[in-house]
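let me see the structure of the following:
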Amino acid sequence: MTEPIPPITLPPPQNPMLEGEWLRQRLHQWLDEEFIPEAINQTIAERAAQIFVRQRMEGENDLGSLVIAIVTEMQSFDFSKSFYGEFAIANAVSDLLLDSLGIDRCCGQ
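Next comes the predicted model:
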């Protein structure tokens with residue numbers, strides 16, 4: 001039988017606003033590099049960072065819960081001018097956070 005994937009818990013926030021700014025910059029960079037730079041990428045990154053900061057300030061440290069919150073709240077975002085959707089954004093945030101923690105995300109490890 002397969003084992004469930006253990007949850008990934010982020011360290012408690014020291015400065016949620018600084019974390020949010022880091023995430024906004026990194027996500028914006030990722031969005032621009034993944035396809036082509038678009039003006040909407042800045043707005044997407046700002047919105048995802050706002051959700052992340054609010055969740056962290058409310059005490060959320062579980063990465064899975066943060067990803068679900070981003071997917072849920074980004075569903076109301078108008079992605080019509082973008083190549084992306086809420087799932088791509090939430091997955092990118094997850095990957096950026098895992099990378100920042102030094103957790104290898106390749107091949108299900």
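
low-confidence ranges, this structure, go.
1, 106-109 (pLDDT under 70).

rerun that using 90 as the cut-off
Applying pLDDT under 90 to the chain flags residues 1-7, 35-36, 83, 101-109.

centroid-nearest residue for it?
Computing the C-alpha centroid of the chain and ranking residues by Cα atoms, centre = their mean puts V93 first, at 2.1 Å.

what's near enough to touch that one?
By Cβ atoms under 8 Å, 6 or more residues apart in numbering, the residues touching V93 are L23, L27, A48, F52, L66, V67, I70. For the C-beta atoms, the positions are set from N, CA and C on the backbone; glycine is no exception.

one more time with 6 Å, if that's ok
A48, I70 (Cβ atoms under 6 Å, 6 or more residues apart in numbering).

report the secondary structure state of it.
Per DSSP: H, G, I helix; E, B strand; the rest coil, the local secondary structure of V93 is helix.
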